[in-house]
Every structure is written in structure tokens, then in C-alpha cells.
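Undergrad: I would like to see how this sequence folds:
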Amino acid sequence: MKKNILMLAGPTAIPEREIKAMDRQIIFHRSEEFEEISKELGANLKKVFKTRQEVMVLTGSGTGSMEAAITNCFCAGDEVVAVELGVFSARMADMAEAFGLKVTRVKKPYGEVAAVEDVMPYVNENTKGVFVIHNESATGVTSDLKAFGEALKDTGALLVADTVSGIGALDFAMDDWHIDVAFASSQKALMGAPGISVICLSDKAWKASETSTLPKFYFDLRKARDFGLKGQHPWTPAIYAIIGLNESVKMIAEEGIDNVVARNTRLSEMVSEKLGSLGIRRFAKDPSYASKSVNTFFYDKSPAFVKRLREEYGIQIYNGQADLHDTTFRVGTMGYVAETDVAAFLYAAEKIITEFEQR
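TA: Modelled structure (predicted):
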């Protein structure tokens, strides 16, 4: 018998407590009960984001909140700078271009990050935004958002952060780091079911939204904020997913976000140290910015390794994205992952890798 263990880059495993919360009859999304659930979720998301701002809950994946960030804060023709480190950061640049923004891409080789000094030469008085991915899960690297916030806080440019695979697993402080727009989704370190995204705007970003001329309707954040203050949503939301996310975020708040981040970091280091002893190195060029939520490793036998883990041990990880599919694998330590899960993965990994190398 084998027990399935999910250590994916997303969707991540869902806690039993959350599953039980969703195992109920549907409720009306305009009821007092649902309003209380929504208000509780909003209050706890503020703790996770470390912000005094409202965190809006949208029905849609993280790509939906990415679109909301662009359509609510910018105009066609606006000049923006986009850091491109992999598949997901490239998506943000592609989307900005689709909405008519003038995008300057700062590209780094896969496995590297862009430092502030790499990006700021492209920022001038006409720059309306700088798009930085917090954690590029395709390549397993983490950007220094705090440094970008410090560099941009007194400029006219908004710091827009994709923290889909960062929030809830890595250090993050919306207000103290001067982040203007941050968005994420439910199915990563927040441990929720897929289908929900969350987004938060600073005062600076809300002011920019007043002059945004891009079309918006379903993802109109001013409507989302106004309804959210009453525990409501402008449209029929994904009720069950919100009920579940409320429970998982409540669990994070109960443990304390700093404790959650520390636990995730410890599990990540367990994986890195053991695989390193087996000769498997991280894909990140420098360990100082290697991701601690989606641990990405170079291995020329990755497809066979991932397949053996799944079929023989019931342990699910996944290969890299796009061009990295056959040469890397990714191990998620974020979310509902226990030390015993990591131990089981490392036991199986050692057996498979040792066998491969003896051939």
C-alpha cells in the first residue's frame, strides 16, 4: 500500500480541517453567515500580507488577479518595466503588452534573479510601474522585494509584485516593504482549493486607479473593495472555495505567519541538504536567492525520477516548466507539508537516485 503525498508547486495539498469545512450544504452568498466568513477571511489575509489595506478576494486564478492589477492601475500607452526570470514573470509582461502598455523587459538567464541595480537604470520619470515576481516557481528563485520597494517608494512608479508562490511561505511585508500591488492565489502556500485569487493595493496604487482608463468590469477592484468591506462580492463567488480558504488562512493566522515561514524554510533546507549530499544541485545559480517554497533542482534524469516517485511511492512532485521540463524537477515544501512528508520523499529519492547512478 502507498499513501499519496503531494509536494507540488501547486495545487498543494488541502488540510483535512479545510475539507471538513467545505463538506456542507451550499449557503447563499448574500447571507449573514457568508458575510461573516468573508470578513474573517479578509481580517486574516491582512495578517498574512502584513498590511492595513483591504485584501480583495476574487473568483479566478492568480492570472485573474494579475489582469486586475494591470487593468485597474494603468492606462494603454503607460511605460512599465518588467523583470523576466521565467515562465510566470514573462506572463505578466505578455499580459501588459496585450493591454497596450509599453513594456521594457529586463531579462535574466534562467536560474538568476534581477537585482535593483539591474533594473533601476531602465526606470525614469515616465515609468508608471515596475513588475517584479516575488518567487519565480518555474526556475526556483526569489526576488528581493524589500530592496525594490525601497528603491521605488519615492518615485512615480508602482511596484507590482506577483507573490503567487511566495505569500504564506516566504517573508513578505506589504506595508513595510512599500509594495504597491501584490497578488496571489489560493492553491499555493495558502493551502486553499484552486479558483480564488487575492490582491492588495497601497494608497499610491489606489490613487493610480482613479485615472486608469483600461476596460474593467468583472475584475473592477473598486467594486470588489466596496463590496468586500461589507463581507460581500460584486458577483456570485466560488462559495465553497472561499469557505475552504477561510479555514486554511485561519490555520496560518493561528500558527502565526512568521512561524509558518520558519517551518517552511526548515523543510526546504532539509530537502536541499539531503539532495545535495546525493549530488543533486539546485537550479538557482546562487543559494542566496534559491526559492524556499518551490525548490528547483537540476537533474538530467528528471522525467524518469518524477515518474518513479509517483508510481512506486505515491509521492507527487513535478518537472520544470517549458524548456526545463526534461532537466529539472520541482519540490514544493510550502503549504500543508509535514516533516514526515519530506522524510518520506527523501527516503524514496535516495533509493531511486542511488539506483539510477549505479546503472
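
Undergrad: quick one, phi psi at the nearest residue to residue 325 once chain neighbours are set aside?
TA: Leaving aside its chain neighbours, residue 325 sits nearest to residue 319 (4.8 Å; criterion: CB to CB, 6 or more residues apart in numbering). Any C-beta I mention is one placed from the backbone N, CA and C, and that applies to glycine too. In terms of degrees, to the nearest 10, the main-chain angles of residue 319 are phi -70, psi 170.

Undergrad: quick check: residue 319 touching residue 329?
TA: Yes: with contact defined as CB atoms under 8 Å, residue 319 counts as touching residue 329 (5.5 Å).

Undergrad: joint contacts of these two?
TA: Contact criterion CB atoms under 8 Å, 6 or more residues apart in numbering; residues shared by residue 319 and residue 329: 302, 306.

Undergrad: so between the two, which is more surrounded?
TA: Higher neighbour count among residue 319 and residue 329: residue 329, with 26 against 18, using other CB atoms under 10 Å.

Undergrad: show the contacting residues for that one.
TA: So residue 329 contacts 296-297, 299, 302, 305-306, 317-320 (CB under 8 Å, 6+ apart).

Undergrad: if we go to 6 Å?
TA: 297, 299, 302, 306, 317, 319 (CB atoms under 6 Å, 6 or more residues apart in numbering).

Undergrad: sorry, back to before: roughly how far apart are the residue nearest to residue 325 and residue 303?
TA: 6 Å (CB to CB, to the nearest Å).

Undergrad: same check on residue 116?
TA: From residue 116 over to residue 303 (counting by CB to CB), the distance is 37 Å.

Undergrad: same thing with residue 27?
TA: 44 Å.

Undergrad: partners of residue 80 in the sheet?
TA: residue 103, residue 129 (DSSP bridges).

Undergrad: pretty sure the residue nearest to residue 325 is in contact with residue 300, am I right?
TA: No: when contacts are counted by CB atoms under 6 Å, residue 319 is not listed as touching residue 300 (12.0 Å).

Undergrad: please enumerate the shared neighbours of those two.
TA: Joint contacts of residue 319 and residue 300 (CB under 6 Å, 6+ apart) do not exist.

Undergrad: where do the strands sit along the stretch 251-359 of the chain?
TA: 294-298, 315-316, 318-319, 328-332 (DSSP state E, counting those that start in this stretch).

Undergrad: quick one, what contacts the spatially most central residue of the chain?
TA: Against the mean C-alpha coordinate of the chain, by CA atoms, centre = their mean, the closest residue is residue 164 at 1.5 Å. Residue 164 sits next to 62, 184-185, 188 when contact means CB under 6 Å, 6+ apart.

Undergrad: pLDDT added to those residues, as a markdown table?
TA: Converted to a markdown table, the contacts of residue 164 look like this (pLDDT from 0 to 100):
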| residue | pLDDT |
| --- | --- |
| 62 | 96 |
| 184 | 98 |
| 185 | 97 |
| 188 | 97 |
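
Undergrad: from those residues, which is closest to residue 339?
TA: residue 188 (19.6 Å; CB to CB).

Undergrad: in contact with that closest one, which residues?
TA: Taking CB under 6 Å, 6+ apart, one finds 10, 164-165 in contact with residue 188.

Undergrad: mind putting those residues into TSV with pLDDT and secondary structure?
TA: Converted to TSV, the contacts of residue 188 look like this (pLDDT from 0 to 100; DSSP: H, G, I helix; E, B strand; the rest coil):
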residue	pLDDT	secondary structure
10	93	coil
164	97	coil
165	97	coil
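
Undergrad: pick the one among these closest to residue 352.
TA: residue 10 (23.3 Å).

Undergrad: how close does that closest one sit to residue 186?
TA: With CB to CB as the criterion, residue 10 and residue 186 are 10 Å apart.

Undergrad: let me see the backbone angles for the residue nearest to residue 237 when sequence neighbours are not counted.
TA: Counting by CB to CB, 6+ apart, residue 59 is the residue found nearest to residue 237 once chain neighbours are left out, at 4.7 Å. Dihedral angles of residue 59 (phi, psi; degrees, to the nearest 10) stand at phi -80, psi 120.

Undergrad: got it, and the one 10 residues further on?
TA: In this entry, residue 69 is assigned phi and psi values of phi -60, psi -40 (degrees, to the nearest 10).

Undergrad: what about the helices in the stretch 101-250 of the chain?
TA: 116-119, 145-152, 203-209, 221-228, 239-255 (DSSP state H, counting those that start in this stretch).

Undergrad: using CSV, lay out the ones you listed together with distance to residue 180 and mean neighbour count.
TA: Below are these laid out as CSV (distance: least, CB to CB, whole Å; neighbours: other CB atoms under 10 Å):
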stretch, distance to residue 180, mean neighbour count
helix 116-119, 15, 16
helix 145-152, 8, 20
helix 203-209, 4, 18
helix 221-228, 13, 19
helix 239-255, 22, 21
